[in-house]
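**Q** Predicted model and sequence below, questions to follow.
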Amino acid sequence: MKREKDLGLSLYYDFYGKFLTEKQAKMFELYYNDDYSLAEIAQECGISRQGVLDTLKRAQAKLMDMEGKLGLVANSKEK
């Protein structure tokens, strides 16, 4: 289940990644695409693990919000 969710978020990122802040995009890519742990991202970015988690949650919420408003991913699956 987690894999499917990760795949869905990665697909949303492909469509809506430009709407994320630079920091959100960097952390999203490190976590989902490069398979970094929260601790590794925290060390690289110089913030706490909780800070990384909060940033990832905000990025996820933004991506899902954009899909809710625009529906580009759902529309692309219909074709």
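**A** It's in. Numbers count the residues shown, from 1 in each chain.

**Q** so what's the closest residue to Gln24 other than its chain neighbours up against?
**A** Excluding its sequence neighbours, the residue lying closest to Gln24 (C-beta to C-beta, 6 or more residues apart in numbering) is Ala59, at 4.0 Å. For the C-beta atoms, the positions are set from N, CA and C on the backbone; glycine is no exception. Listed by C-beta atoms under 8 Å, 6 or more residues apart in numbering, the contact partners of Ala59 are Leu20, Gln24, Ala25, Met27, Phe28.

**Q** What is the most widely separated pair among those?
**A** Using C-beta to C-beta, the pair of the contacts of Ala59 lying farthest apart is Leu20 and Met27, separated by 9.2 Å.

**Q** more neighbours, these two?
**A** Using other C-beta atoms under 10 Å as the criterion, Leu20 and Met27 rank with Met27 on top: 27 against 21.

**Q** if I read this right, the more buried one contacts Leu53, doesn't it?
**A** No: using C-beta atoms under 8 Å, Met27 is not in contact with Leu53; the gap is 9.5 Å.

**Q** quick one: the most centrally placed residue in the chain and Asn75, what's the gap?
**A** Centroid check for the chain by C-alpha atoms, centre = their mean gives Phe28 as the closest residue, at 4.3 Å. Phe28 sits 22 Å away from Asn75, going by C-beta to C-beta, to the nearest Å.

**Q** Could you do Tyr31 as well?
**A** From Tyr31 across to Asn75, the span is 27 Å (C-beta to C-beta).

**Q** higher neighbour count, the two?
**A** Between Tyr31 and Asn75, counted using other C-beta under 10 Å, Tyr31 has the larger neighbour count: 21 against 10.

**Q** ok now do that one, which residues does it touch?
**A** Contacts for Tyr31 (C-beta under 8 Å, 6+ apart) come out as Leu38, Ile41, Val52, Leu56.
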